[in-house]
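In: quick one, structure for this:
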Amino acid sequence: MDKTLQFVIPTLMGVESTVAWELKKLGLSGVQAENGRVLCQGSPADIPRMDLNLRCGARVLLCLGTFQARSFEELFQGCAALPWEEFIPRDGRFPVKGYSISSQLHSVPACQSILKKALCERLGQVYGLVQLPETGDLYQVQFSILKDRVSLMLDTSGDSLYKRGYRAQNMGAPLRETLAAALVSLSRYKGRGPFCDPFCGSGTIPIEAALLAKDRAPGLERTFAAQRWRWLPSRLWMDAAQEAMDRESHERFEIWGGDIDPAAVELSRHNAELAGVADTVHFEVMDAAKFHRAEPSGRVVTNPPYGERLLEKKEAEELYRSFGRAAAKLPAGWQVDVLSSHTEFERTFGRPADKKRKLYNGMIKCDFFMYGQTHRPADAAQRKRTGGADDGAHIHHQSLGGKEKKHEAAGGSHP
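Out: Below you'll find the predicted structure:
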């Protein structure tokens, strides 16, 4: 198959433009960020490249077609008109799942049933079968219906891309790897200078920082659904993996994670080993209230406990106060970025953030409080030379659907 394919990359809310920057860096065309997803175009060879390399996207969906449907008949006919046989073989399994928002066809189970019937009729006619066996490899069909606009897709990833394969266990409420990678990218960390996480938990943020610094593809240690698709040559996966490994840096980086819980530190070390970055990240037992660094500059990116219940909130506030006092003693060149859902974080931390960004940790609405991240003249010049962005932290100021606005040190936030 040698043709241009359409892709949809679902994302966590708030990191769409970071994913758009990743796709542009990989050379994908037609990149367009929307709420909760990014659209792009590419070739079959780009499927393994995206699955292996994307740090912040949720999964890679191959879009077979879009059409308007306000009735079940229109939904059936629109689905049956698409060339499913080019992608799903005679024995392929093709379960259907999806969602409907602000549309006439609001019943998801009914839409699933209609789409399944349309698929069976189309494939049955092509393969000359009354009943399809569905005993082979998985071709997961996904649909989205938004304001009566239907998109039909095949999931190339299988497990969500946040499942890197290095974290079999976690400490309490884990931060998804994709969100951790987005925090690192938004901090503008590129491997230069110290990088620290004083609340490392199971080590996700320092590990993602190490993967980014080394330019190590996060998907190298896992498998993907599309690796078993017959129409997608296996050599494309080998080529993509080789490309990623050739790009990996073997420099030394100063990345540190600390936690007051010895079990968390031990788990972090284990996870770093599984991720292939044990030689890059140093973990140690430390109380965040005693966090200190002597270097003139560096970055702190961290996700302290939120405290979702009343008593926990009081504990969290005291934690923020003590960490805020420690952070205030860092040399002037340090940047501190904290993810929290606590509505009184800035007050308890001791000062208002220079910038804020709204993000979601699962279903929890959070703010990414950014201290010390200022725009330097060199940054503006670099953005001009590179057409608006030279890293994920720059592109996230661009417009998403005409609604995103940039808020600076005045204390605003943007979605």
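In: could you find the closest non-adjacent residue to the residue nearest the centre of the chain?
Out: When Cα atoms, centre = their mean is applied to the chain, the residue found nearest the centroid is Cys56 (2.1 Å). Among residues not flanking Cys56 along the chain, Ala182 sits closest, at 4.5 Å (Cβ to Cβ, 6 or more residues apart in numbering). For glycine as for every other residue, the C-beta is placed from the backbone atoms N, C-alpha and C.
In: residue contacts, the one you found?
Out: Applying Cβ atoms under 8 Å, 6 or more residues apart in numbering to Ala182 gives the contacts 12, 14-15, 18, 55-56, 359, 392.
In: in the one helix or strand it maps to, what counts as buried?
Out: Using DSSP states H and E, Ala182 falls within helix 177-186. Using 16 or more other Cβ atoms under 10 Å as the test for burial, helix 177-186 gives 177-186.
In: among the residues you listed, which one sits closest to Glu243?
Out: Distance to Glu243 across these (Cβ to Cβ) is lowest for Ala181, with 19.4 Å.
In: okay, that closest one: pLDDT?
Out: The model reports Ala181 with a pLDDT of 98.
In: how close does it sit to Arg55?
Out: The gap separating Ala181 from Arg55 is 4 Å, by Cβ to Cβ, to the nearest Å.
In: again, but for Phe345
Out: Taken as Cβ to Cβ, the span from Phe345 to Arg55 is 26 Å.
In: repeat for Pro133
Out: 38 Å.
In: who's more crowded, the two?
Out: Remark: of Pro133 and Arg55, Arg55 carries more neighbours, 25 against 11, as counted by other Cβ atoms under 10 Å.
In: touching, that one and Leu23? I think so.
Out: No - Arg55 lies out of contact with Leu23 (Cβ atoms under 8 Å); the separation is 11.2 Å.
In: so where do the helices sit in the stretch 251-400 of the chain?
Out: With helices called from DSSP state H, counting those that start in this stretch, the stretch 251-400 of the chain shows them at 262-275, 310-328, 345-349, 377-385, 392-395.
In: for these, give me TSV that also has distance to Val38.
Out: Shown next, in TSV, are the helices of the stretch 251-400 of the chain (distance: least, Cβ to Cβ, whole Å):
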stretch	distance to Val38
helix 262-275	25
helix 310-328	33
helix 345-349	29
helix 377-385	20
helix 392-395	11
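In: and those helices, which is most packed in?
Out: Ranked by average neighbour count under the criterion mean count of other Cβ atoms under 10 Å, those are headed by helix 392-395 at a mean of 23.
In: returning to what we had before: between the buried residues of helix 177-186, which sits nearest Pro44?
Out: When the buried residues of helix 177-186 are compared against Pro44 (criterion: Cβ to Cβ), the nearest one is Thr178, at 23.9 Å.
In: tell me where the model's unsure across this protein.
Out: For the chain, applying pLDDT under 70 flags the ranges 1, 168-173, 307-311, 373-415.
In: which parts of it belong to which domain?
Out: For the chain, the structural domains run 5-155, 177-219+249-414, going by automatic domain parsing.
In: how many other residues sit next to the nearest residue to Lys214 once chain neighbours are set aside?
Out: Closest residue in space to Lys214, ignoring its immediate chain neighbours: Ser249 at 5.0 Å, by Cβ to Cβ, 6+ apart. Neighbours of Ser249 under the rule other Cβ under 10 Å: 12.
In: tell me if I'm right that Ser249 and Ala210 touch.
Out: No - under the criterion of Cβ under 8 Å, Ser249 makes no contact with Ala210, lying 10.6 Å away.
In: can you pull out the helices in the stretch 1-150 of the chain?
Out: 16-25, 46-53, 72-80, 108-127.
In: sorry, back to before: so for Ala69, which of the helices of the stretch 251-400 of the chain sits nearest?
Out: Comparing the helices of the stretch 251-400 of the chain by Cβ to Cβ, helix 392-395 comes nearest, at 33.7 Å.
In: run a quick neighbour tally on the residue nearest to Ser322 when sequence neighbours are not counted.
Out: Nearest non-adjacent residue to Ser322, counting by Cβ to Cβ, 6+ apart: Ala289, 3.7 Å away. Using other Cβ under 10 Å, Ala289 has 15 other residues around it.
In: just put the helices of the stretch 1-150 of the chain in TSV and tack on distance to Phe87 and mean neighbour count.
Out: Putting these into TSV (distance: least, Cβ to Cβ, whole Å; neighbours: other Cβ atoms under 10 Å) gives the following:
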stretch	distance to Phe87	mean neighbour count
helix 16-25	22	24
helix 46-53	11	24
helix 72-80	13	18
helix 108-127	10	16
